[in-house]
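Participant: Mind folding the following:
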Amino acid sequence: MTVVRRSLWDEPRPPYAPPVSRLDRLLVGVLVVVALVEGVARPGLAGQPLVTALAMALMPVLLWRRSRPLLACLIGWGAAGLLSILQIASGSADSGLLSLMVILVLLYSLVRWGSGREVTVGLVAVALVATLGMYAASASLAEVVGGGLFLLLFVALGAVFRYRASLWHRQEREVRNEERLALARELHDTVAHHISAIAVSAQAGRVLVRGQPERAAALLASIEDEASRTLAEMRDMVRLLRDDEGGGAAAYAPQRGVADLTALTRPAGTPAVAVRLAGALTGLPRPVDATLYRLAQEGLTNALRHARGATTVVIEVCRVGEEVHLRVTDDGASAPGPRAEPGLGLTGMAERARLLGGSVTAGPGPEGGWVVDAVMPARITP
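Facilitator: Numbers count the residues shown, from 1 in each chain. A predicted model of the protein is given here:
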């Protein structure tokens, strides 16, 4: 139990808290108007117009609910405590506005975005204010139990969304690490291949250097070229770690590349799959070649997953100068609603592309369907 309490106390704030947006400011403005209208509609409420002014002044605190969750919660629930004291002093049955229920949002935000220390301190303060409110309202036992469960519902919601977000970010980090390790293996295989060729050429050069110096010079030139290509394909190698576990023959199997994309062609079936290759796509660095193939595979999977009623999926790869462009499109109808988030597969592919100097975007197309666009370098420079 001590370990659990210490773990909760030392829990940091969740990362990636969204900044204050235009929608947040619009929400605050609407709530200020609602509080004003409610206050005008209830002129006989005890403590008017102080209660209405307090409610209107409280609404902008919502803008702090992610960046300063404890402060926002203390201010909001402190205002509720003041109203409870006013209710006790005046002997009124009710001195609050319904618009003040926004303090429940502050309670949720405290659990969702606060650190362990902030959550602990804030929940204690909320419990004290809630107890004072129950006393001011002369609540029965059933009302006390119901009110307590109602508050726990918002605490539970904050904890659930916090856990889900933490789990997603953990899975995203794991996927990125897996892609880094897979790319490290592929780079290792590429470098090993080049180093083997350099070693063989060097051994032959030692034999020819005395009797055939011209051929030895040519071998030295080939060694220089091979070494240059090796250095070029080792970009970002120093930033990756190679995991020897789970190796074996499968770890060193030849990687599929752009030339293998034609195997994905499916002229019949629902949907049909068409592959179009254009430009000089041979001689690409092996990591780039393998990444393009895997991006096409993942793009095909996402098209089938997100596009409704697709009859055709088109995979297009073309070389433009020193870049290779990949696009996966379909003729289906993308699902209605907000823009879908890319899955963990595309997250890993985007991380791999970024490490190699490329980029990946994915989402619903302007004319429906699902679109994956990738741009990869045709050469990897050290």
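Participant: Show me the helices in the stretch 1-150 of the chain, by range?
Facilitator: Assigned by DSSP state H, counting those that start in this stretch, the stretch 1-150 of the chain shows helices spanning 2-9, 22-41, 50-58, 69-90, 103-113, 116-136, 141-211.
Participant: which one of those helices lies closest to Ala362?
Facilitator: helix 141-211 (14.5 Å; CB to CB). Any C-beta I mention is one placed from the backbone N, CA and C, and that applies to glycine too.
Participant: Low-confidence stretches in the stretch 201-350 of the chain?
Facilitator: Low-confidence segments of the stretch 201-350 of the chain (pLDDT under 70): 201-255, 268-270, 304-307, 333-346.
Participant: If we use 80, what do you get?
Facilitator: 201-256, 264, 266-271, 283, 286-287, 301-310, 332-350 (pLDDT under 80).
Participant: I'd like to know which of the helices of the stretch 1-150 of the chain has the weakest mean confidence.
Facilitator: Least confidently modelled of the helices of the stretch 1-150 of the chain is helix 2-9, at a mean of 59 by mean pLDDT.
Participant: before we move on, back to that, of the helices of the stretch 1-150 of the chain, which approaches Pro366 most closely?
Facilitator: That would be helix 22-41 among those, by CB to CB, at 23.5 Å.
Participant: Now do the closest one: which elements does it pack against?
Facilitator: helix 50-58 (3 or more CB pairs under 8 Å, 6 or more residues apart in numbering; DSSP states H and E).
Participant: which other residues reach the helix it packs on?
Facilitator: Residues from elsewhere that reach helix 50-58 (CB atoms under 8 Å, 6 or more residues apart in numbering): 32, 35-36, 38-40, 45, 75-76, 79, 82-83, 86, 95-97, 99-100, 102-103.
Participant: before we move on, the earlier item: how about JSON lines for the helices of the stretch 1-150 of the chain, with distance to Val313 and mean neighbour count added?
Facilitator: Below are the helices of the stretch 1-150 of the chain laid out as JSON lines (distance: least, CB to CB, whole Å; neighbours: other CB atoms under 10 Å):
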{"stretch": "helix 2-9", "distance to Val313": "47", "mean neighbour count": "10"}
{"stretch": "helix 22-41", "distance to Val313": "35", "mean neighbour count": "14"}
{"stretch": "helix 50-58", "distance to Val313": "53", "mean neighbour count": "19"}
{"stretch": "helix 69-90", "distance to Val313": "45", "mean neighbour count": "20"}
{"stretch": "helix 103-113", "distance to Val313": "39", "mean neighbour count": "23"}
{"stretch": "helix 116-136", "distance to Val313": "47", "mean neighbour count": "18"}
{"stretch": "helix 141-211", "distance to Val313": "24", "mean neighbour count": "15"}
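Participant: would JSON lines of the ones you listed with distance to Gly332 be doable?
Facilitator: Shown next, in JSON lines, are the helices of the stretch 1-150 of the chain (distance: least, CB to CB, whole Å):
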{"stretch": "helix 2-9", "distance to Gly332": "46"}
{"stretch": "helix 22-41", "distance to Gly332": "30"}
{"stretch": "helix 50-58", "distance to Gly332": "48"}
{"stretch": "helix 69-90", "distance to Gly332": "42"}
{"stretch": "helix 103-113", "distance to Gly332": "36"}
{"stretch": "helix 116-136", "distance to Gly332": "44"}
{"stretch": "helix 141-211", "distance to Gly332": "26"}
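Participant: Just the C-alphas of stretch 13-33, formatted as CSV.
Facilitator: In CSV, the C-alpha atoms belonging to stretch 13-33 read as follows (Å, rounded to 0.1, in the frame of the first residue of the first chain):
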residue,chain,number,x,y,z
ARG,A,13,1.5,15.1,-15.5
PRO,A,14,0.4,13.4,-18.7
PRO,A,15,2.3,14.6,-21.8
TYR,A,16,0.7,16.1,-24.9
ALA,A,17,-1.8,18.3,-23.2
PRO,A,18,-3.7,20.2,-26.0
PRO,A,19,-3.2,24.0,-25.9
VAL,A,20,-6.0,26.4,-25.5
SER,A,21,-7.9,26.5,-28.7
ARG,A,22,-10.5,28.8,-30.3
LEU,A,23,-13.2,26.3,-29.5
ASP,A,24,-12.2,26.6,-25.8
ARG,A,25,-12.5,30.4,-25.8
LEU,A,26,-15.8,30.1,-27.6
LEU,A,27,-17.1,27.6,-25.0
VAL,A,28,-16.1,30.0,-22.2
GLY,A,29,-17.9,32.9,-23.9
VAL,A,30,-21.1,30.8,-24.3
LEU,A,31,-21.0,29.8,-20.6
VAL,A,32,-20.5,33.4,-19.5
VAL,A,33,-23.7,34.3,-21.5
